[in-house]
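Participant: give me coordinates for this.
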Amino acid sequence: MGRGGILSGLKMVVLGSLAALVIKVLRGTIRWQYVGFPDAPMDAGAPPAVFAFWHGRMLMLLEPYWRLRGRKRARRSYMLISRHGDGRLIAFAIRLLGLHSIAGSSSRGGLSALRELIRRVEDGSDVGFTPDGPRGPRYSCKVGVVAVAQSSGAPVFPLSYSVENRWQLSSWDEMIIPRPFSRGVVVLGQPIVVAPDEDQEAARARVQEALNDITLQADRFWDGS
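Facilitator: Got it, this is the predicted structure:
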């Protein structure tokens with residue numbers, strides 16, 4: 001490995017570790033409320049699922065996922081991470097947070113990544129998607145999440161969150177970052193089952209509508225309070 005590769009790897013380790021630490025510390029300061037969640041974690045024998053969330057709303061969703069699934073369950077969890085730009089850094093950060101990653105996107109390594117995700121679900125793992133990533137358009141669902149759900153038979157669980165006080169990036173996804181000690185809400189939508197013979201475009205539209213609905217619900221949670 002040359003000097004450039006060593007420096008690139010060091011940068012990934014430092015920035016990825018810092019990102020994981022910030023997420024851990026920040027999420028612990030938020031006063032979370034949960035909408036649509038069961039009173040107790042799902043049974044350990046519950047079948048694997050596909051979790052879908054918008055790219056700009058992914059930062060704080062690991063803790064709600066553990067709340068739903070149970071932190072000590074044996075099932076592994078994988079997330080589709082882009083090969084573009086900072087994808088390796090994000091993959092390193094989420095590994096420190098307890099998730100595994102599969103590299104690919106709609107434009108690079110997409111087909112092989114989808115096949116790998118399907119295999120992981122069939123082996124009993126959960127998978128996570130940002131269906132408008134890695135480059136948008138924002139809140140526009142691509143068909144990959146539907147393809148995985150349809151081929152594997154796993155339901156799609158839409159997830160979104162919002163916070164009362166936030167920073168909002170000027171990036172394409174307008175990612176929201178909670179301000180410390182804010183109030184936050186996480187909304188879990190109803191599971192979406194994609195039948196083997198369902199038109200993928202129709203299913204894609206259902207997932208997109210569900211994600212937009214729960215995101216709007218989360219953003220309006222404190223209206224009038």
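
Participant: CA atoms for contacts and neighbours, from now on please.
Facilitator: Noted.

Participant: in space, what's closest to residue 208 - neighbours in sequence excluded?
Facilitator: Among residues not flanking residue 208 along the chain, residue 141 sits closest, at 5.3 Å (Cα to Cα, 6 or more residues apart in numbering).

Participant: quick one, phi/psi of the one you found?
Facilitator: phi -80, psi 130 (degrees, to the nearest 10).

Participant: neighbours of it, how many?
Facilitator: By other Cα atoms under 10 Å, the residues close to residue 141 number 25.

Participant: got the contact list for the strand or helix carrying residue 184?
Facilitator: Assigning secondary structure by DSSP states H and E places residue 184 in strand 183-188. Strand 183-188 is contacted from outside by 30-37, 61, 64, 157-165, 214-215, 217-218, 221, using Cα atoms under 8 Å, 6 or more residues apart in numbering.

Participant: show me what the following helix or strand past that strand is packed against.
Facilitator: Once the chain leaves strand 183-188, the next helix or strand it forms, by DSSP H and E, is helix 200-219. Applying 3 or more Cα pairs under 8 Å, 6 or more residues apart in numbering; DSSP states H and E, one finds that helix 200-219 contacts helix 144-152, strand 156-163, strand 183-188.

Participant: output these in a markdown table; the columns should cover mean pLDDT, distance to residue 45 and mean neighbour count.
Facilitator: Listed next are the helices and strands packed on helix 200-219 as a markdown table, based on pLDDT from 0 to 100; distance: least, Cα to Cα, whole Å; neighbours: other Cα atoms under 10 Å:
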| stretch | mean pLDDT | distance to residue 45 | mean neighbour count |
| --- | --- | --- | --- |
| helix 144-152 | 96 | 17 | 23 |
| strand 156-163 | 98 | 17 | 25 |
| strand 183-188 | 98 | 20 | 23 |
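
Participant: next, the contact list for the residue nearest to residue 208, please.
Facilitator: Residue 141 neighbours (Cα under 8 Å, 6+ apart): 131, 132, 204, 205, 207, 208.

Participant: buried subset of the contacts of strand 183-188, written for ChimeraX?
Facilitator: In ChimeraX, this line selects whichever of the contacts of strand 183-188 come out buried by 16 or more other Cα atoms under 10 Å:
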select :30,32,34,37,61,64,157,158,159,160,161,162,163,164,214,215,217,218,221
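
Participant: related to what we said a few turns ago, can you add distance to residue 124 and give the helices and strands packed on helix 200-219 back as JSON lines?
Facilitator: As requested, those are exported to JSON lines (distance: least, Cα to Cα, whole Å):
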{"stretch": "helix 144-152", "distance to residue 124": "10"}
{"stretch": "strand 156-163", "distance to residue 124": "15"}
{"stretch": "strand 183-188", "distance to residue 124": "21"}
